[in-house]
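1. Here is my input, please return the structure:
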Amino acid sequence: MSRPCQLQETGRNNLIDDAKARLKKLDVGTKYDHLSFHKYSILLPLLVKEGKLHLLFTRRSEKKDTLVTPVVGFIDHNFQAQPNPDEVKDVFLVPLDYFLYPKVHSQNYVTHFGHGFVFHCFEYTNPEDGLTYTIRGMTAKLALLVALIILGEKPNFEIEFNLDDVIASCEKSFLRKYATSQL
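-> Numbers count the residues shown, from 1 in each chain. Have a look, this model is predicted:
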């Protein structure tokens, strides 16, 4: 007979293994290394809490005209953040499925340099401390993308990503500058 801890560990591992398999199908490797953007990576750390995948967030600044590579990593469910208060104001978790079925979400259609895009804004109230966090811009778009890929479901609002061809829709959404270039 299995112990409850062993069952929890098996369930946790199954969630992580399934998420890794879905992400691996869409890994583009070094496909965009040749592009002439300032390049940065954003870590999207996932962990399993209460039987669900959660994204770990910190408040940070966003840069413009950069190529951002989302890197999904998995961290131990016992992880305890110890941020430097001079660099990080808050650390909080949001269930991954919140980005598909949010309680508070808005989106605006914005035109920038002749290209239209969707600007998502999620508000999440942490049930543990009652604080409300706003997740918007590139962070919101990447969190939504990770939720779409891993959970494989459409949200309850309109999205710019095509689940049948995620890579092509990501290229269209994130690489607009190069959509009309001679590359």
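2. For the closest residue in space to residue 132 that isn't next to it in sequence, grab phi and psi.
-> With sequence-adjacent residues excluded and distances taken as Cβ to Cβ, 6 or more residues apart in numbering, residue 132 is closest to residue 125, at 4.6 Å. In this view, the C-beta of every residue, glycine as well, is placed from N, C-alpha and C. In terms of degrees, to the nearest 10, the main-chain angles of residue 125 are phi -100, psi 120.
3. Count the neighbours of residue 125 for me.
-> Per other Cβ atoms under 10 Å, the neighbour tally for residue 125 reads 12.
4. need the contact list for it.
-> Listed by Cβ atoms under 8 Å, 6 or more residues apart in numbering, the contact set of residue 125 reads 103, 131-133.
5. from those, which would you call buried?
-> Using 16 or more other Cβ atoms under 10 Å as the burial test, the contacts of residue 125 include no buried residue.
6. From these, pick the one nearest residue 156.
-> If you rank the contacts of residue 125 by distance to residue 156 using Cβ to Cβ, residue 103 comes first, at 10.7 Å.
7. where exactly do the strands run in this structure?
-> Along the chain, counting by DSSP state E, strands occupy 38-49, 52-58, 66-74, 91-95, 104-112, 115-125, 132-136.
8. okay, which residue is most central for this structure?
-> Nearest to the geometric centre of the chain sits residue 143, at 2.1 Å (Cα atoms, centre = their mean).
9. Residue 97 is in contact with that one, correct?
-> No: in this structure residue 143 lies outside contact range of residue 97 using Cβ atoms under 8 Å: 11.1 Å.
10. From residue 130, how far off is the spatially closest residue to residue 133 that is not a sequence neighbour?
-> Nearest residue to residue 133, sequence neighbours excluded (Cβ to Cβ, 6+ apart): residue 124, at 5.2 Å. Per Cβ to Cβ, to the nearest Å, residue 124 is found 12 Å from residue 130.
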